[in-house]
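1. need a structure here:
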Amino acid sequence: MKKVLVLGSISTDFVSITDTRPNVGETVEGRDFFTTFGGKGANQAVAAARLEADVTMLGNVGDDSFADSLIKNLKDNNIETSYVEPVTHISSGAALITICDNDNSIVYVPGANGKVNANYVSRYEEIIKKFDIVVCQNEVPEDAIEKLIEIAHNNNIPSVMNPAPYRKLKDDLIEKITYLIPNESECKLLYPNLSIEEAIEKNPNKLIVTMGSDGVLFNDGKENIKISSYKVQALDTTGAGDTFIGSFATAISNGMDLNQAIDFANLSASHSVTKMGAQGGMPELKELKKDENFNSHWTI
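-> Numbers count the residues shown, from 1 in each chain. Below is the predicted model:
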């Protein structure tokens with residue numbers, strides 16, 4: 001079982017479902033409401049753990065009624081939480097999600113996630129060195145991510161960086177990242193003077209651009225390659241990108257090449273959108289193996 005480390009956010013999602021997305025100053029009636037577990041870091045950790053990776057979480061929770069439930073959810077998904085630290089006098093992270101017409105809009109409140117920093121990551125440097133792959137995203141502060149990538153780079157550990165939500169990345173950080181996986185809009189923000197095709201050509205075997213139902217683009221050093229998505233009836237797209245990241249990291253750590261890892265992650269993501277909630281639809285490995293599109297040559 002490969003060891004996957006995820007540094008990132010741990011949050012509660014507050015989800016409303018409506019037939020009409022409100023304009024500024026407008027109140028509309030919703031059809032349903034529920035709370036569920038989220039945070040891009042926790043989501044990616046759960047996605048990997050359900051595919052039978054040995055996952056450890058790095059991150060913070062707050063000083064509120066949600067903290068214990070957030071930790072319990074990680075443990076229930078077989079994720080190691082020994083290094084998740086509580087922060088006093090601050091709330092746990094939260095996301096306010098509105099679902100309308102099978103798509104979502106999100107307001108993210110960092111809370112304790114915003115207190116994850118480079119000093120916190122440095123305390124666990126010797127632990128980090130023991131992992132097969134590390135994963136991070138932009139819902140924790142930049143200095144924490146830079147420290148994690150630096151440790152991974154210096155110890156020849158593959159890293160997966162999901163630059164969401166978008167913020168500018170330093171060129172030297174991008175150089176150290178093994179796999180940089182933005183969606184289409186994030187790629188355009190990262191490389192405003194380049195087309196997506198030009199961006200992936202500039203970053204072969206590193207920049208992997210997810211485009212939802214249009215598939216995934218990357219350059220293998222010789223040519224641009226598009227890996228098609230799997231077509232399903234989507235119920236809730238929340239968490240699909242996180243499912244892709246966690247699944248991709250698991251696949252790479254198990255020895256799949258880029259084409260295989262992306263195809264595997266696409267299949268996993270296609271399952272995730274058929275149920276409600278960011279983590280609600282994330283598939284277990286046994287579920288994927290029953291899918292007619294599962295490739296018996298995948299090393300997982």
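2. Need the pLDDT of Lys231.
-> For Lys231, the pLDDT comes out at 87.
3. ok, and the closest non-adjacent residue to it?
-> Leaving out its chain neighbours, the residue that sits closest to Lys231 by C-beta to C-beta, 6 or more residues apart in numbering is Ser213, at 7.2 Å. C-betas here are computed from N, CA, C, even on glycine.
4. my read: the one you found touches Ser229, true?
-> Yes - Ser213 lies in contact with Ser229 (C-beta atoms under 8 Å); the separation is 5.4 Å.
5. Settle it for me: which of those two has more neighbours?
-> Ser229 (20 against 14; other C-beta atoms under 10 Å).
6. Need the three-state assignment for Asn43.
-> Classification of Asn43 using DSSP: H, G, I helix; E, B strand; the rest coil returns helix.
7. is it fair to say the residue nearest to Lys231 lies in a strand?
-> No - according to three-state DSSP, Ser213 belongs to no strand; its state is helix.
8. How much space separates it from Asn73?
-> Taking C-beta to C-beta, to the nearest Å as the measure, Ser213 falls 29 Å from Asn73.
9. got the residue ranges for the strands in the stretch 151-300 of the chain?
-> Applying DSSP state E, counting those that start in this stretch to the stretch 151-300 of the chain gives strands spanning 159-162, 179-180, 209-210, 216-219, 224-227.
10. Go through those and pick out the most buried.
-> Ranked by mean neighbour count under mean count of other C-beta atoms under 10 Å, the strands of the stretch 151-300 of the chain are led by strand 209-210, which reaches a mean of 27.
11. contacting residues around that strand?
-> The contact list for strand 209-210 (C-beta atoms under 8 Å, 6 or more residues apart in numbering) reads 181-184, 187, 196, 199-200, 216-218, 241, 244.
12. Just the buried residues of those residues.
-> Those of the contacts of strand 209-210 that meet the buried threshold are 181-183, 187, 196, 199-200, 216-218, 241, 244, by 16 or more other C-beta atoms under 10 Å.
13. Pipe the strands of the stretch 151-300 of the chain into TSV and attach mean pLDDT and distance to Tyr83 per row.
-> Converted to TSV, those look like this (pLDDT from 0 to 100; distance: least, C-beta to C-beta, whole Å):
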stretch	mean pLDDT	distance to Tyr83
strand 159-162	98	18
strand 179-180	98	23
strand 209-210	98	29
strand 216-219	98	31
strand 224-227	97	34
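14. got these as JSON lines, with distance to Ala67 columns?
-> Putting those into JSON lines (distance: least, C-beta to C-beta, whole Å) gives the following:
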{"stretch": "strand 159-162", "distance to Ala67": "24"}
{"stretch": "strand 179-180", "distance to Ala67": "31"}
{"stretch": "strand 209-210", "distance to Ala67": "31"}
{"stretch": "strand 216-219", "distance to Ala67": "35"}
{"stretch": "strand 224-227", "distance to Ala67": "39"}
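15. wait, what's in contact with the closest residue in space to Ala47 that isn't next to it in sequence?
-> If you skip the residues right next to it in sequence, Ala47 has Gly246 as its closest partner in space, 2.8 Å away by C-beta to C-beta, 6+ apart. Gly246 is in contact with 4, 6, 43-49, 51, 135, 282, counting by C-beta under 8 Å, 6+ apart.
16. hmm, try it at 7 Å
-> Gly246 makes contacts with 44-45, 47-48, as judged by C-beta atoms under 7 Å, 6 or more residues apart in numbering.
17. Of all the strands of the stretch 151-300 of the chain, which one is nearest Glu85?
-> Closest approach to Glu85 among the strands of the stretch 151-300 of the chain (C-beta to C-beta): strand 159-162, 21.8 Å.
18. Can you list the neighbours in contact with the closest one?
-> 40, 133-137, 149, 152, 177-181, 245, 248-249.
19. Run me through the strand neighbours of it, direction for each.
-> Here strand 159-162 is paired, per DSSP bridges, with strand 133-137 (parallel), strand 179-180 (parallel).
20. In JSON lines: these, plus distance to Val160.
-> Shown next, in JSON lines, are the strands paired with strand 159-162 (distance: least, C-beta to C-beta, whole Å):
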{"stretch": "strand 133-137", "distance to Val160": "5"}
{"stretch": "strand 179-180", "distance to Val160": "5"}
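21. The ones you listed: which one's closest to Pro22?
-> strand 133-137 (27.8 Å).
22. Please tell me the pLDDT value assigned to Gly281.
-> At Gly281, pLDDT is 89.
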